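Undergrad: Provided below for reference: sequence and predicted model.
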Amino acid sequence: MRIPFNQPYLTGNEQKYMLRALESRKHCGNHEWGMKCIALMKEMCGFGEVFLTPSGTAALEMGAMLAGLDFGDEVIMPSYTFSSTANAVVLQGAKPVFCEISPDTMNIDPDRIEELITDRTKMILPIDYAGIPCDLKKIKDIAGRHNLTVMVDAAQSFYSQDQDGKFCGSNVPLAAFSFHETKNLGCGEGGALIVNRSDWVERAHFLQEKGTDRRLVLDGVKSKYGWVDKGSSFLLSDILAAVLYAQLEHVEEIVALRKKVIRAYRELYTPYEKAGCLRIPHPPSNVTLNNHAFFVIFDTSEHRQMFLSQLRERQVSAYIGYVPLHSFTKGLQMGYKPDDLPITEDLANRVVRLPLYTDLANEGLGYALDSMRNVLKGLYGS
């Protein structure tokens with residue numbers, strides 16, 4: 001049996017909705033299905049304003065532009081993240097300042113943020129790794145004392161809830177989601193920028209519409225539109241929005257099925273953690289997870305490599321996680337060295353992301369667990 005690392009989930013309505021969108025002859029952004037998605041996301045999660053984008057990457061780039069990042073600005077973020085987090089900053093001429101992470105969550109360590117703040121710092125950009133909400137209480141407190149914007153890279157955390165019981169993305173000025181096929185909800189490629197500052201909403205519309213005030217024409221405020229700001233085509237096709245709507249309708253079902261997988265993984269790996277062989281995630285007790293991912297931090301990089309290799313022999317796909325940005329090509333060009341963030345470097349060398357997709361709850365989970373159990377016994381004994 002083959003267990004892929006990821007497999008997109010189909011709820012049953014994707015094809016029907018997509019054909020309706022196709023037949024409407026209105027295929028670009030912000031038409032019927034996009035509006036349906038936006039309304040449903042606001043209703044479910046209490047977002048301020050939702051801008052559907054072609055990807056989570058585009059959402060981050062639009063957010064960085066909206067926040068006014070400019071040449072010479074600095075943005076504090078974890079190095080353990082995808083390149084899109086840093087690229088959104090670099091594209092505006094700003095500099096990523098990399099911060100250490102916590103082994104319990106692989107999220108930014110808020111206790112290490114303040115020491116990195118300078119008079120050029122403009123933003124804190126944490127991520128919600130594996131769908132685990134970052135520590136927004138501490139982060140927002142730091143941001144408030146230093147007059148900094150917070151934008152969360154929430155690519156993996158749609159429908160998770162933070163320490164205040166708020167849905168991720170609803171409790172910060174800006175948040176970026178991804179609806180790539182590897183996420184809980186997917187439409188192939190897609191994303192959303194959440195804007196919770198009412199004074200930024202109008203400009204966000206301008207940025208999304210290539211820097212034009214077309215939105216004012218659509219709202220009946222003006223008779224013609226023109227070029228008023230910088231921007232880009234930050235719009236999701238209505239055909240893809242139709243696929244996303246089918247996914248949004250089933251979000252609770254998706255989260256529940258993925259919870260079954262995570263519960264089984266936690267049960268398998270907990271005895272090995274107690275024996276000191278490895279670590280598993282320890283989210284704060286007062287958050288609610290969307291069950292996006294599960295990771296294991298092995299005691300040595302050698303054991304990690306053996307685990308991955310032996311799983312591949314059994315056709316079970318696991319993944320190493322991110323290569324830290326500070327110690328790879330672009331980070332090194334910026335002057336960083338691997339030992340600048342020793343905690344991040346060490347954890348990244350020992351972490352494994354396990355296969356986790358919604359259909360796994362109903363087919364293949366037993367085989368995946370048996371394969372992992374046999375490999376673990378070979379590494380550590382029964």
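TA: Looks like it came in fine.
Undergrad: can you get me a residue count around Asn147?
TA: Look at Asn147: counted by other C-beta atoms under 10 Å, it has 8 neighbours. In this view, the C-beta of every residue, glycine as well, is placed from N, C-alpha and C.
Undergrad: the nearest residue to Thr85 once chain neighbours are set aside and Phe177, how far apart?
TA: Distances taken as C-beta to C-beta, 6 or more residues apart in numbering place Asp153 nearest to Thr85, at 4.9 Å, with adjacent residues excluded. Noted for Asp153: a distance of 9 Å to Phe177, by C-beta to C-beta, to the nearest Å.
Undergrad: who touches both of these two?
TA: The contact sets of Asp153 and Phe177 overlap at Gly56 (C-beta atoms under 8 Å, 6 or more residues apart in numbering).
Undergrad: quick one: which of the two has more around it?
TA: More crowded of Asp153 and Phe177, by other C-beta under 10 Å: Phe177, with 32 against 29.
Undergrad: with adjacent residues omitted, what lies nearest to the more buried one?
TA: Ala192 (4.6 Å).
Undergrad: which strands and helices sit next to the one helix or strand the one you found maps to?
TA: Per DSSP states H and E: Ala192 is located in strand 191-195. Here strand 191-195 is seen to pack against strand 49-53, helix 56-66, strand 174-178, helix 198-208 when contacts are counted using 3 or more C-beta pairs under 8 Å, 6 or more residues apart in numbering; DSSP states H and E.
Undergrad: go through these and name the closest to Gln7.
TA: strand 174-178 (16.6 Å; C-beta to C-beta).
Undergrad: and the angle for the closest one with helix 198-208?
TA: With axes from the mean of the first three to the mean of the last three C-alpha atoms, to 10 degrees as the basis, strand 174-178 and helix 198-208 are set at 40 degrees to each other.
Undergrad: output strand 174-178 as PDB, restricted to C-alpha atoms.
TA: Taking Å, rounded to 0.1, in the frame of the first residue of the first chain, the C-alpha atoms of strand 174-178 are listed here in PDB:
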ATOM      1  CA  LEU A 174      -3.600  41.400   8.900                       C
ATOM      2  CA  ALA A 175      -3.500  37.600   8.200                       C
ATOM      3  CA  ALA A 176      -2.800  35.500   5.200                       C
ATOM      4  CA  PHE A 177      -4.300  32.100   4.500                       C
ATOM      5  CA  SER A 178      -3.400  29.500   1.900                       C
END
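Undergrad: could you check how many residues crowd around the residue lying closest to Ala275 once chain neighbours are set aside?
TA: Among residues not flanking Ala275 along the chain, Tyr380 sits closest, at 7.0 Å (C-beta to C-beta, 6+ apart). Around Tyr380 there are 16 other residues, counting by other C-beta under 10 Å.
Undergrad: so, low pLDDT: which residues of the stretch 151-300 of the chain?
TA: Nowhere does the stretch 151-300 of the chain drop to pLDDT under 70.
Undergrad: try it again with 80
TA: 217-222 (pLDDT under 80).
Undergrad: please enumerate the helices of it.
TA: Residue ranges of the helices in the stretch 151-300 of the chain, as given by DSSP state H, counting those that start in this stretch, are 198-208, 214-218, 238-248, 251-274.
Undergrad: burial-wise, tell me which of those comes out on top.
TA: Sort these by mean neighbour count, taking mean count of other C-beta atoms under 10 Å, and helix 238-248 sits at the top with a mean of 25.
Undergrad: contacts for it next, please.
TA: 9, 11-14, 16-18, 20-22, 24, 26-34, 36-37, 40-41, 44, 52, 179, 185-190, 236, 254.
Undergrad: these, buried ones only, as a PyMOL selection?
TA: In PyMOL syntax, the buried subset of these is picked out as below (16 or more other C-beta atoms under 10 Å):
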select buried, resi 9+11+13+14+17+18+21+29+30+31+33+34+36+37+40+41+52+179+185+186+187+189+190+236+254
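Undergrad: next step: the contacts of helix 238-248 restricted to strands.
TA: Of the positions in those, Leu52 sit in strands, assigned by DSSP state E.
Undergrad: which of the contacts of helix 238-248 fall within helices?
TA: If you go by DSSP state H, these have 14, 16-18, 20-22, 32-34, 36-37, 40-41, 44, 254 in helices.
Undergrad: where's the closest residue to His250 other than its chain neighbours relative to Gly364, distance?
TA: Among residues not flanking His250 along the chain, Thr11 sits closest, at 4.2 Å (C-beta to C-beta, 6+ apart). Per C-beta to C-beta, Thr11 is found 19 Å from Gly364.
Undergrad: next up, the contacts around the residue lying farthest from the centre of the chain.
TA: The centre of the chain is farthest from one residue, Ser223, which by C-alpha atoms, centre = their mean lies 38.9 Å away. Counting by C-beta under 8 Å, 6+ apart, Ser223 touches Val217.
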